[in-house]
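Undergrad: Give me coordinates for this.
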Amino acid sequence: MPPSAELPTTSPRTPPAHEGILRRQSLRESAARTYARSLPIVPVRARGLTIEGADGRRYLDCLAGAGTLALGHNHPVVLEAIRKVLDSGAPLHALDLATPVKDAFTTELFTTLPRALADRARIQFCSPAGTDAVEAALKLVRTATGRGGLLAFTGAYHGMTAGALDASGGASTARVTRLPFPLDYRCPYGVGGERGAELAARWTESLLDDPKGGVPAPAAMIVEPVQGEGGVNPAPDSWMRRMREITAARSIPLIADEVQTGVGRTGAFWAVEHSGIVPDVMVLSKAIGGSLPLAVIVYRDDLDLWEPGAHAGTFRGNQLAMAAGTATLAYVRENRLAERAALLGARMLARLQGLAADHRGIGDVRGRGLMIGVELVDPEQEDPRTGTAVPAPELATAVRRECLRRGLIVELGGRHSSVVRLLPPLTLTDEQAVAVLDRLADALAAAERAPRHRPDTGPSR
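TA: Now for the predicted structure:
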């Protein structure tokens, strides 16, 4: 049969394969799925910033595994590290036994830590998700202090397991004292800036010292140096230093949740370095595994009061993740990608702030390094409590949808899911940054004209 007479391999009425995959996912997976609802794509190949879907379309990925992919998809140094372990015949599962792969990871990680912590640090390998590391951190400080209370902040997000949810901003029944996180754009005191941060710090100090304040004896304070899911809210450096002073003076361990902010994301290797503080505990996950599941806590040695077996997890010895993580940590450090993130992030913020001058729907542009948020608002309605325009989640949803149509993957965050978030890989080039912002600007213009729908988002850890 001549080529021109060959029969087609599929009937014109047969739906494309990716549509069947999406349909089966919808039928089989739980109602709790999140990203799959807003991103109806089927990735089949990926490299760096780019994802190719089963439908043949290509996308610029500014979600990057919710901040996990510091080097983007399938970076050569990560693939090489994984292949080396696979080809060596080394065990892939080793519980908490010592291995050369694990030793190399721990050594590289300690090299990157704030020196005052690294010199006396201990590490606990946890089950693979960031929320598991949060649970371990809470368990650690409660064991070490003998106290049960917890200090956490409005707008926080620490994960989806029970203890992590208790520490997050939506908790309602836990023994957690909720403290004000300083916001500039939507300051609860109506002043913002340094004055707002100072008032938040004063309230924290006053509440802790009030014998009738109703604060359960705190085992720790847990804080994100930049709130991610909370709407990309960077903590002011001076306020972070005050929190360190307040906790140190009262012998309250300070836990820094660096699950999303770590490994160069904010323009420093660890976000606590911006303020110069040294926390007692750091919670680490996402990028430390080089795209594979890995979570740890590192903490001061005097807190290491656990009995053997007091905390464990079957999958705390993920050798492939440790190898990929070692390669990622070393590459970020040796190639000064944190400094690169600071420089490129500042340029992107500047352009987005310029974009805000032409779009009244942009209420605020904020972030640190390559952790960027654009809060969308309804300029016709004002929040009388803060004097700012009310959030516009419908507009944010429309922007995300229009971005996807233009081959750009973004997600939403913030209390009302009205903040468009950018978490591109640290390997982002100048040209790619321009392409991302061009597509976002075009999507914003289109969304302002499009029908709006209710948002459907959710975080993950």
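Undergrad: excluding its backbone neighbours, what's nearest residue 218?
TA: residue 149 (4.4 Å; CB to CB, 6 or more residues apart in numbering). The C-beta positions use only the backbone N, C-alpha and C, and glycine is treated the same way.
Undergrad: any idea how far the one you found is from residue 177?
TA: To residue 177, residue 149 is 6 Å away according to CB to CB, to the nearest Å.
Undergrad: Determine the residues that are contacts of both of the two.
TA: 215, 216, 218 (CB atoms under 8 Å, 6 or more residues apart in numbering).
Undergrad: So which of these sit within strands?
TA: Taking DSSP state E, the ones among the shared contacts of residue 149 and residue 177 that sit in strands are residue 218.
Undergrad: coming back round to it: list the contacts of the residue nearest to residue 218.
TA: With CB under 8 Å, 6+ apart, residue 149 has these contacts: 175, 176, 177, 215, 216, 217, 218, 219.
Undergrad: what does residue 333 give?
TA: 108, 111, 112, 269.
Undergrad: That one sits in which helix or strand?
TA: In this structure, residue 333 sits in helix 319-334 according to DSSP states H and E.
Undergrad: Which secondary structure element is home to residue 381?
TA: Going by DSSP H and E, residue 381 is part of strand 371-383.
Undergrad: what packs against that strand?
TA: In terms of contacts (3 or more CB pairs under 8 Å, 6 or more residues apart in numbering; DSSP states H and E), strand 371-383 is packed against helix 337-356, strand 362-368, strand 388-391, helix 393-405, strand 419-422.
Undergrad: Any chance you could list what contacts the second one?
TA: This points to strand 362-368. 184-185, 226, 232-234, 266-267, 271, 274, 345, 349, 352-353, 355-356, 372-377, 379, 388-389, 391, 422, 444.
Undergrad: Buried members of the residues you listed into ChimeraX, please.
TA: Filtering these down to the buried ones (16 or more other CB atoms under 10 Å) takes a single ChimeraX command:
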select :184,185,226,232,233,234,266,267,271,274,345,349,352,355,356,372,373,374,375,376,377,388,389,391,422,444
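Undergrad: Low-confidence stretches in this structure?
TA: Applying pLDDT under 70 to the chain flags the ranges 1-15, 170-174, 451-461.
Undergrad: Can you tell me which residue is spatially central in it?
TA: residue 260 (3.1 Å; CA atoms, centre = their mean).
Undergrad: Test my guess that it contacts residue 371.
TA: Yes: Residue 260 is within contact range of residue 371, at 7.4 Å (criterion: CB atoms under 8 Å).
Undergrad: Quickly list what's touching both of those two.
TA: 67, 226, 228, 423.
Undergrad: can you pull the contacts of the spatially closest residue to residue 193 that is not a sequence neighbour?
TA: Counting by CB to CB, 6+ apart, the nearest residue to residue 193 once its immediate chain neighbours are dropped is residue 184, at 6.0 Å. Shown in contact with residue 184 (CB under 8 Å, 6+ apart): 192, 193, 196, 364, 366.
Undergrad: Most neighbours among the shared contacts of residue 260 and residue 371, which one is it?
TA: Neighbour counts for the shared contacts of residue 260 and residue 371 peak at residue 423, which has 27 neighbours (criterion: other CB atoms under 10 Å).
Undergrad: Quick one: residues contacting that residue.
TA: 62, 63, 64, 66, 67, 260, 265, 370, 371, 372, 411.
Undergrad: Name the member of those with the most neighbours.
TA: Using other CB under 10 Å as the neighbour criterion, residue 265 leads the contacts of residue 423 with 31 neighbours.
Undergrad: which residue sits closest to that one, ignoring its sequence neighbours?
TA: In space, residue 265 is closest to residue 371, 5.3 Å off (CB to CB, 6+ apart).
Undergrad: wait, what's in contact with that neighbour?
TA: Per CB under 8 Å, 6+ apart, neighbours of residue 371: 67, 226, 228, 232, 260, 261, 265, 266, 345, 422, 423.
Undergrad: rewinding a little: out of the shared contacts of residue 149 and residue 177, who has the most neighbours?
TA: Neighbour-wise, the shared contacts of residue 149 and residue 177 (other CB under 10 Å) top out at residue 218, 24 neighbours.
Undergrad: ok, it - contacts?
TA: 147, 149, 150, 151, 177, 208, 252.
Undergrad: Using CSV, lay out the shared contacts of residue 260 and residue 371 together with secondary structure and distance to residue 290.
TA: CSV is the format used below for the shared contacts of residue 260 and residue 371 (DSSP: H, G, I helix; E, B strand; the rest coil; distance: CB to CB, whole Å):
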residue, secondary structure, distance to residue 290
67, helix, 13
226, strand, 21
228, coil, 20
423, coil, 16
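Undergrad: And the residue nearest to residue 193, which helix or strand is it part of?
TA: Residue 184 belongs to no helix or strand, assigned by DSSP H and E.
Undergrad: So which residues of the stretch 1-150 of the chain form strands?
TA: Taking DSSP state E, counting those that start in this stretch, the strands of the stretch 1-150 of the chain run over residues 43-47, 50-53, 58-61, 121-125, 149-153.
Undergrad: Could you point out which of the ones you listed sits nearest residue 302?
TA: Closest of these to residue 302 is strand 121-125, at 9.4 Å (criterion: CB to CB).
Undergrad: Just the CA atoms of that closest one, as PDB, please.
TA: Coordinates of each C-alpha in strand 121-125 appear next as PDB, following Å, rounded to 0.1, in the frame of the first residue of the first chain:
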ATOM      1  CA  ALA A 121      24.300  20.900  64.600                       C
ATOM      2  CA  ARG A 122      22.600  17.600  64.600                       C
ATOM      3  CA  ILE A 123      20.500  16.300  61.800                       C
ATOM      4  CA  GLN A 124      17.400  14.100  61.800                       C
ATOM      5  CA  PHE A 125      16.300  12.500  58.500                       C
END
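Undergrad: and the gap between residue 91 and residue 105?
TA: Distance from residue 91 to residue 105, by CB to CB: 15 Å.
Undergrad: Wait, residue 82 touches residue 326, no?
TA: No: look at residue 82 against residue 326 with CB under 8 Å: they stay out of range, at 10.9 Å.
Undergrad: These two: who's more crowded?
TA: More crowded of residue 82 and residue 326, by other CB under 10 Å: residue 326, with 25 against 20.
Undergrad: Now do stretch 372-379: everything it contacts.
TA: 185, 231-233, 345, 348-349, 352, 360-367, 388-393, 395-396, 399, 413-414, 418-423, 440.
Undergrad: do the same with stretch 161-179
TA: Against stretch 161-179 from outside (CB under 8 Å, 6+ apart): 131-132, 134-135, 138-139, 148-159, 200, 203-204, 207, 215-216, 218, 221-222, 230, 415, 461.
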